[in-house]
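> Provided below are the primary sequence and the corresponding predicted coordinates.
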Amino acid sequence: METIYGSAFKDSNAVYACQLNGKGGITDFSENAPATAGQPFWQHLDYQNQSSYRWLMNTNQLPAPVKDGLVGESIRPKLIRTGEGALITLRAINRNDNARPDHLVSFRIYINEKVIISSCHRKVYPVEQVMTDLNNGTGAKNTGHWLVEIVDAITDEVNDFIEELHDNLIEFEDNILEQKIPGRGELVLLRKQLIVLRRYMAPQRDVLTRLSSEKLPWMSDEARHLMQEVSDRLGRGLDDLDGSIARTAVLADEITSIMADAMNRRIYMMSLLTIIFLPSTFLTGLFGVNLGGIPGNKDEFGFGLFSLLLSLLIAGFAWWLKRSKWL
């Protein structure tokens, strides 16, 4: 590969632009400073920025399929091998303000031995972590290690979010044991977040596994081994997701059962009240007919006596239902 100069990245209007120094830090580069094999360039771009978009489309540092991949609409995690380089699409947790974490952010990378071009539109916080390590002199020493660090930071954030969802699930389960029904839509949102993560993190785990097995010349055996460890860690997170999704289904069934039991209890109580007042309803209807000969219609204490007899009848019938364990 021919030597790359800083002038190749002029007018890219990058969010981050630096050159790895091969010792875990970065150096500022000028237009005439060459990059050696141990000193690759890293450009992080907002592909919706007009200057960055024009640079991506016009640069001769990238093949045409890579340009389309860095600015395209594809959001599924994938890996495309392009000679000695690789085009990688990943998904990261959305920690931006006024956004839900499950509205994942697309993060695209083109990487080879001498250049790293990454692009996204919404902020990806693991990028800032990697940049902080480089500024502190404790970051990646080459492109292979840079890739391991960025996927490691993304995976850590994914697993942290999985833990948050798991804690929410445990809280729901504890509330259900206390017969507390979650608010409308809360369980649905939790299940949706779990399913969205499962949908995108499964192919992302496959991408990491493939990266650990691909014989890319700029990835050392150590970097491939570390990449496999990151893939395994993400795989364990996926196992937790599968278990959590199954548990939300059990929770939904339990909530349905609790609500059905509550409804049945209400219907049962209404039925018992109907049974209790059935004799009194019959008697009041019988004595309410407008015909001559009704007993007590001329007695001044007739109504009071009739009301007392009805009360005794209702109380006696309620006692009988309780003794029969209907109440």
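All right, it came through fine.

> Show me how the record splits the chain into domains.
Following the assignment in the TED database, the chain carries domains at 6-257, 267-324.

> Just say which of those domains is most tucked in.
Of these, the one with the most neighbours on average (mean count of other C-beta atoms under 10 Å) is domain 6-257, at a mean of 17. (C-beta placed from N, C-alpha, C; glycine too.)

> Leaving aside the residues adjacent along the chain, what's closest to residue 179?
For residue 179, the nearest residue in space outside its immediate sequence neighbours is residue 258; the separation is 6.3 Å by C-beta to C-beta, 6 or more residues apart in numbering.

> Who are the packing partners of the strand or helix carrying that neighbour?
In this assignment (DSSP states H and E), residue 258 forms part of helix 221-287. Using 3 or more C-beta pairs under 8 Å, 6 or more residues apart in numbering; DSSP states H and E as the contact criterion, the secondary-structure elements in contact with helix 221-287 are helix 143-177, helix 186-213, helix 302-323.

> what angle do that helix and helix 143-177 make?
Helix 221-287 and helix 143-177 are oriented at 20 degrees to each other (axes from the mean of the first three to the mean of the last three C-alpha atoms, to 10 degrees).

> For residue 131, which non-adjacent residue is closest in space?
Leaving out its chain neighbours, the residue that sits closest to residue 131 by C-beta to C-beta, 6+ apart is residue 16, at 5.7 Å.

> pLDDT at that neighbour, what is it?
The predicted local distance difference test score for residue 16 is 87.

> residues in contact with it?
The contact partners of residue 16, by C-beta atoms under 8 Å, 6 or more residues apart in numbering, come to 42, 43, 44, 127, 131.

> Could you look up the SS state of residue 89?
When the structure is reduced to helix, strand and coil (DSSP: H, G, I helix; E, B strand; the rest coil), residue 89 reads as strand.

> which one of the domains of the chain has the lowest average pLDDT?
Of all the domains of the chain, the segment with the smallest mean pLDDT is domain 267-324, scoring a mean of 76.

> quick one: terminal-to-terminal distance for it?
Here the two ends of domain 267-324 are set 19 Å apart, with distance taken as C-alpha to C-alpha, to the nearest Å.

> can you start the count at 156 instead of 1 from here on
Happy to do that; since the first residue is 156 now, the last one works out to domain 422-479.

> can you give me the offset of it from its chain's centre?
Average the C-alpha atoms of domain 422-479, do the same for its chain, and the two points are 61 Å apart (C-alpha atoms, centre = their mean, to the nearest Å).

> swap in stretch 290-304?
Stretch 290-304 has its C-alpha centroid displaced from the chain centroid by 28 Å (C-alpha atoms, centre = their mean).

> now swap in stretch 245-256 and tell me
Averaging C-alpha positions (C-alpha atoms, centre = their mean) puts stretch 245-256 9 Å from its chain's average.

> who touches that stretch?
The list of residues contacting stretch 245-256 from outside it, by C-beta under 8 Å, 6+ apart, reads 230, 232, 257-264, 277-281, 306, 309, 312-313, 315-316, 319, 348, 355-356, 359, 362.
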